[in-house]
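Participant: Starting from these lines, generate the structure:
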Amino acid sequence: MSAFSTPVPLSGDRVALEPLAPEHAEGLRAVVAEGDLHRTWYTRIPAPDEVEAEIERRLELQAQGSMAPWAVRRLDTGEVCGATTFMSVRPEARRLEIGSTFYAPSAQRTGVNTETKSLLLTRAFEELRCIAVEFRTHWHNQRSRTAIARLGAKQDGVLRNNDVWPDGSYRDTVVFSILESEWPAVRSDLRYRLAR
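Facilitator: You can find the predicted model right below:
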């Protein structure tokens, strides 16, 4: 297993990112049940009774070397509040995607996402020496698109009819990225926002 698919513990002032494990199932069931996250049609979030299978899927992808999965824990409450991954990892090209992320509605707009992404981007650029980090989201997921742009990622384009969704609709995938040369400015902005 490469360092790209090894989810090392990461910690900041607001969150701790813990390597995903079966023990996170109970906390993640509560996360997806809060606000019925899994019913959002333009995301792939597991239903509460599908959480164990999703953890197994992510751990299998980690074993195959294509994903590094984490559970996200809030430090103020001690509760698991979400999950995230490095996915589509390509160590030979020094590229990866940050994705398959979801948070409890109560964790949104609390700085959890900003600090989580800051920790992941720091690992990607400063430890793994990535030359680019991608983010992808559904065209209709306006909240995600706004959050990704707010991080400092630039939109690369839209992959039209890139996927078939469970309801039979087609997903247009919006692709964003941050380049290695852009990381110093992105890092400064994230630090500024987290200090406010």
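
Participant: what helices or strands is the helix or strand containing residue 160 leaning on?
Facilitator: Using DSSP states H and E, residue 160 sits within strand 154-164. Secondary-structure packing of strand 154-164 (3 or more CB pairs under 8 Å, 6 or more residues apart in numbering; DSSP states H and E): strand 170-179. All C-beta spots, glycine's among them, are computed from the backbone N, C-alpha and C.

Participant: Tell me what angle the strand it packs on forms with strand 154-164.
Facilitator: 150 degrees (axes from the mean of the first three to the mean of the last three CA atoms, to 10 degrees).

Participant: Would you confirm that residue 176 contacts residue 157?
Facilitator: No: in this structure, residue 176 is not within contact of residue 157 by CB atoms under 8 Å, at 9.3 Å.

Participant: And those two? Which one has more around it.
Facilitator: residue 176 (22 against 9; other CB atoms under 10 Å).

Participant: returning to what we had before: contacts for the strand holding residue 160, please.
Facilitator: Here strand 154-164 makes contact (CB atoms under 8 Å, 6 or more residues apart in numbering) with 134, 139, 149, 170-178, 182.

Participant: Kindly recompute the last result at 6 Å.
Facilitator: Applying CB atoms under 6 Å, 6 or more residues apart in numbering, the contact partners of strand 154-164 are 170, 171, 172, 173, 174, 175, 176, 177.

Participant: starting at the chain centroid, how far to stretch 121-141?
Facilitator: Relative to the centre of its chain, stretch 121-141 is centred 9 Å away, using CA atoms, centre = their mean, to the nearest Å.

Participant: next one: stretch 166-179
Facilitator: 14 Å.

Participant: If anything else comes up later, I'll come back, but that's it for now.
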